[in-house]
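Asker: Kindly return the folded structure for what I paste below:
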Amino acid sequence: MRFYRLLFCLALVGLTSCGEDDYTPKPRGFFRIELPEKKYQSYQSDCPFTFEYPVYSSIEIDTKANAEPCWVNLNFTKFKGTLHISYKPVNGNVAQYLEDARELTNKHIVKADAINEILISYPAKNVYGLIYDIEGSDAASPLQFFVTDSSKHFLRGALYFTVRPNNDSLQPVIKFIKEDIDRFISSFEWK
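Answerer: Predicted coordinates for the structure are as follows:
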């Protein structure tokens, strides 16, 4: 009988001690993203340009039906991102390519909070262009750019992710890949 009284008293104490109404929900958490060490390698091909790209990415030739020679994709598989790179030879039509690059970037205005333009100028290498840094949590592409020598070559790049656009949670990855794209551009040379 004593055992049942003791058990009843313990249950009563347990039930009455849990009466606090001050529960605060925990904020929603995100997965920790492991970022690899920055290391680069040189891209060499029959195309009229070279650049450095990260060792944790891979390059594949674009094989889509509308792809042209020297169109490549720089895949960041771990981050589900791809830098689509398209090259066009210039035959007096650089103004049209510049307008196309501007129009393709401006398609993101609907979801973008801002589109910042950053000048690219490497006169010693004859590389000039613009980086379009697209801000906004729902923008499909956080960064696009083009480089040209204005007379023979034009190259455009656009970064996309194969996940639902939520650039707030992707921000660490976007920042990490933007550094790789900066390296791509600063190491870029025409052959």
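
Asker: Is G92 located within a helix, as I assumed?
Answerer: No - the assignment for G92 (DSSP: H, G, I helix; E, B strand; the rest coil) gives coil, which keeps it out of a helix.

Asker: Which residue ranges of this structure form helices?
Answerer: With DSSP state H applied, the chain shows helices at 2-16, 94-106, 167-187, listed in chain order.

Asker: So which residues of the protein form strands?
Answerer: Counting by DSSP state E, the segments of the chain that form strands are 40-43, 49-54, 58-61, 72-76, 81-89, 114-122, 127-135, 143-148, 153-161, 189-190.

Asker: Deepest-packed of the ones you listed, please.
Answerer: strand 143-148 (a mean of 24; mean count of other CB atoms under 10 Å). Yep, even glycine has a C-beta here, placed from its N, CA and C like the rest.

Asker: Which strands and helices lie in contact with that one?
Answerer: helix 94-106, strand 127-135, strand 153-161, helix 167-187 (3 or more CB pairs under 8 Å, 6 or more residues apart in numbering; DSSP states H and E).

Asker: Which of those sits closest to V72?
Answerer: Taking CB to CB, strand 153-161 is the member of the helices and strands packed on strand 143-148 nearest to V72, at 9.9 Å.

Asker: same for the closest one, what does it pack against?
Answerer: Based on contacts counted as 3+ CB pairs under 8 Å, 6+ apart, the elements that strand 153-161 packs against are strand 81-89, helix 94-106, strand 143-148, helix 167-187.

Asker: Please repeat the previous calculation with a cut-off of 10 Å.
Answerer: With contacts defined as 3 or more CB pairs under 10 Å, 6 or more residues apart in numbering; DSSP states H and E, strand 153-161 has these neighbours: strand 49-54, strand 72-76, strand 81-89, helix 94-106, strand 127-135, strand 143-148, helix 167-187.

Asker: wait, which of the ones you listed is closest to R2?
Answerer: For those, distance to R2 was read as CB to CB. The smallest value, 58.1 Å, belongs to helix 167-187.

Asker: The closest residue to F176 other than its chain neighbours: neighbour count?
Answerer: What sits nearest to F176 in space, not counting adjacent residues and going by CB to CB, 6 or more residues apart in numbering, is L35, at 5.3 Å. L35: 14 surrounding residues under other CB atoms under 10 Å.
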